[in-house]
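Participant: please work out how this folds:
(one chain, ligands or ions: 1)
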Amino acid sequence: MSDPSATPMMQQYRELKARDPDALLLFRMGDFYEMFGDDAERAAPLLGLALTTRDKDKADAVPMAGFPHPALESYLARIVQAGLRAAVCEQVEDARFARGLVKRDVVRVVTPGTLTDDDLLDPRTANYLAAVVEVSGKIGLAWVELSTGRFSLTGLLRSELIDEIARLNPAEVLISELSLDAPWVRLLRGQPVGPVTVRPSWDFQPEQSRQTLFDQFGTTTLAGFGLDDRAPEVQAAGALMAYLRETQKTALPHITRLTPFRRGETLALDEMSRRSLELVRTLREGKRDGSLLSVIDCTATPMGARLLSDWLTSPLTSPEAIGERLDAVEELLAQSVLRGDLRTMLNQSNDLERLAARVGTGRATPRDLAALARTLALLPKIKARLTARVSRRLNQLEASLELCPEIRAEIEAALVDDPPLAVKEGGLIREGYHPELDELRAAARGGKSWIARFQAEQVRRTGIPSLKVGYNKVFGYYIEITHAQAQARGSSIPSDYVRKQTVKNAERYITPELKEYEDKVTRAEERANELEYELYSTLRDRVSAEAPRLIQAGGVLAQLDVLSALAELAARHGYCRPEIVAEPVFHVEAGRHPVLDALLPPGDFVPNNVRLGPGPDPDEGTILLITGPNMAGKSTYIRQVALMAILAQIGSFVPARRARIGIVDRLFARVGATDELSRGQSTFMVEMTETANILNNATPKSLVILDEIGRGTSTFDGISLAWAITEHIHDALGCRTLFATHYHELVELEKTKARLRNANVAVRESEGEIVFLHRIVPGGADQSYGIHVARLAGVPAPVLERAREILRFLEKQHGPDPGAPASSDPGTSPSTDAPIRRKVKTGRALAGSLFAALPEPILDELRQVDPEALSPEQAIELVKRLRELAG
Ligand code: ADP
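Facilitator: The predicted structure follows:
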């Protein structure tokens, strides 16, 4: 790497760059961070920096771009947002004392998955770093949030990886260099997650990765965490830890535990269902606003907001665990004063988890420590409010809330009330904390009276009353005499005055006595600042050793926050406590869609009942087939069922008057067209893949919601598939299912399928206008309102007129719309033995007539005629028929 022609500094640069060639090296030079070469060329356009060259005149001029050092954090934010890594290189010795080239080193590597700084993180969103490894066909997955120290892992099948990644939504994923060509890596790269970072295979090796973890946790086995040391996920976890060590360059005392994630204990949601239900972000824009999370999030702290998001992405499946949360929510709902008090205190507390993690990574500022102490000061009050509660969970939280009084006392004793951000410029440590510091400060301060005395003495000596002693950073202390005074009669400049500087109206002098004094003061100040820094570092290290306890306290606050926020949610929107049972039922009275209900003016949302699964009425079905016009509210209805199941299983109350919900083990939601096309697959292919996933994986305890399956193909295919899929769900799976469709033909299924019920959305029609009542009522829909809806949507009048004409024609040709009068016209409805036969006709008629023949049906008939083969009688017959057709 050394290049004889390069300057020593450029050699130093290249050496540092070679250590981590992928990261942008931010090279500190004085007050600037500079990038060179390829880095400069890559980063300049991205960061909006001017690209210049170093050593312009030489042949081997190097491209260069830089920014002033105070802007570091904002540029780091942009670098990681762009999915890049940055290595921050500082001058690690004081340039004043350096002999020759000042020493530099990389002090931290900032990557999207390893952020800890508040400025770079969204306080309400977890920022996960994940690692994936494949060992003999099995996948090991580990993930950590450096900013809170949470570290989890799980083993998976290859086919399960993407669903888990979708749940975690990591900011960065590590893979081994050996996995580069694995098919799952391609899938991973297709996900909307952060960058995939390739790491040495060594980090993932079994012995190496185990050793890294043993070192971190001070153990010789991982059995204490409930882990098998040889599990693939342990290798992923070891590689994660190695990466953290390498990028953070500090001990990480706040990472104290590995938590195995047991997926069987949570409601399984595949990636597509998760996205289409818009649990934590919207489908189209990927924003938090408009998601279920955004409307149910009443938390008072960022810790609570993150935990709620966590709960929402992993609903529980154990009735006991859910019941425990519900009990706590119920108690906090009933005790509104208690809830108010707790929320007020939580509101005042800072992000204890992230503060503790910053302490742990050695990056806490004095302000962080002060915030920590202020939050610790709230804990005794919170604990006191939690004593003697009824619900088990609140009692547990009370018991496990550690107050950490000695940490608080230490910080309060050492730091001033409102400390500065900088650690090396003094002003951090309280008076009276350390005798030597107090003395040094007195020496520095004592100066004021000394200067006053000195100034009076000089006025007397020179006879110049306006003589002043001043101070500036460049020259230090000086005596200032205006030109006018110097020339005035009776004044004289003493011989020990040394002229130092001439300014506009005055001369500035120093004397040996003044300089000697200055040295003393400066030395005292410098020494005081150094001592303050030492005292601060000691304090920070002591607090750092307690990081695990602080994180634990933060975890308690987070839970308390989520439980009181769920109670607050129930109070604000009139939610009810769901009765959670084991049998597969879903009985809801006056249920609402949580998001739409919150967005509409109060009372505008039309509540609906849902009855699925065995109930008091033996006639209850498990499949509900909802037919009806577009825009009537079908999707809203079926989505609200899925969202209520999820809310209930995270331990939340639900938007309904009454709810009895049987535990759902897996939830499949296939709703609405999405952006699949951009992923290079046809809509229909994706839809069928997802349907296959449902048919292959649903159990009798699952909940399936399907919206308009079969839309992406011809009508004939679509109806046949929808029909067969519904039959299969009914006959073979028997799980709770809601199916919204505009294929009216399917209503016939009710006749043969014992557990299938038809429903439709009530619509009022008057004078050609239709009003959607959004009320779900029993029975199949009886008209297609497509043209009316098109008019509402602003489709031009001539097109609508033409559509009506075509519809009239179709009805004349084939009888009325098959979906519509099925019940009033049993003669033409499909025989249930041969359901498809009539659909064939309908399908062909729709496709053929609409797109080809319809504009000129007479022509079509004519085209089919073979004039040579016609007898005269047949010819006369044909003319008659054509006349009839022409009306
Ligand atoms: P569909 O799936 O039948 O095409 P949607 O469920 O998308 O219809 O609903 C269309 C619109 O109707 C929604 O955007 C919403 O504004 C409104 N809507 C649906 N259900 C209700 C309801 N229960 N109460 C009030 N408005 C509703």
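Participant: what about the nearest residue to Asp119 once chain neighbours are set aside, neighbour count?
Facilitator: Nearest residue to Asp119, sequence neighbours excluded (CB to CB, 6 or more residues apart in numbering): Glu73, at 4.8 Å. In this view, the C-beta of every residue, glycine as well, is placed from N, C-alpha and C. By other CB atoms under 10 Å, the residues close to Glu73 number 12.
Participant: so Glu73 sits in a helix?
Facilitator: Yes - counting by DSSP: H, G, I helix; E, B strand; the rest coil, Glu73 falls inside a helix.
Participant: quick one: name the residues of this protein near the ligand.
Facilitator: Residues of the chain that fall close to the ligand, judged by CB under 6 Å from any ligand atom: Leu596, Phe605, Val606, Asn630, Met631, Ala632, Gly633, Lys634, Ser635, Thr636, Ala740, His774.
Participant: show me what contacts the third one?
Facilitator: For Val606, the set of contacting residues under the criterion of CB atoms under 8 Å, 6 or more residues apart in numbering consists of Gly633, Leu773, His774, Arg775.
Participant: mind checking how far it is from Val588?
Facilitator: Distance of Val606 to Val588, computed by CB to CB, to the nearest Å: 14 Å.
Participant: repeat for the first one
Facilitator: Counting by CB to CB, the separation of Leu596 from Val588 is 16 Å.
Participant: and the two? which has more neighbours close in?
Facilitator: Val588 (28 against 18).
Participant: packing partners of whichever helix or strand that one is part of?
Facilitator: Using DSSP states H and E, Val588 sits in strand 586-591. Packing partners of strand 586-591 (3 or more CB pairs under 8 Å, 6 or more residues apart in numbering; DSSP states H and E): strand 608-612, helix 634-650, strand 658-662.
Participant: what is the neighbour count of whichever residue of the stretch 51-200 of the chain sits closest to the ligand?
Facilitator: Residue nearest to the ligand within the stretch 51-200 of the chain (CB to the nearest ligand atom): Ala166, separated by 23.8 Å. Close neighbours of Ala166, defined as other CB under 10 Å, add up to 19.
Participant: I'd say it and Ser273 touch.
Facilitator: No - using CB atoms under 8 Å, Ala166 makes no contact with Ser273, being 9.3 Å away.
Participant: can you tell me the residue of the stretch 251-400 of the chain closest to the ligand?
Facilitator: Closest to the ligand within the stretch 251-400 of the chain is Gly290: 12.3 Å, counting by CB to the nearest ligand atom.
Participant: contacting residues for that residue?
Facilitator: Contact analysis of Gly290 by CB under 8 Å, 6+ apart lists Glu278, Thr282, Val595.
Participant: contacting residues for the residue nearest to the last one when sequence neighbours are not counted?
Facilitator: It stands for Val595. The shortest distance from Val595 to any non-neighbouring residue, by CB to CB, 6+ apart, is to Val295 (5.2 Å). The contact partners of Val295, taken as CB under 8 Å, 6+ apart, are Pro594, Val595, Ala598, Leu599.
Participant: rounded mean pLDDT for whichever helix or strand the second one is part of, please.
Facilitator: Which is Val595. Under the criterion of DSSP H and E, Val595 resides in helix 594-599. Helix 594-599 shows a mean pLDDT of 94.
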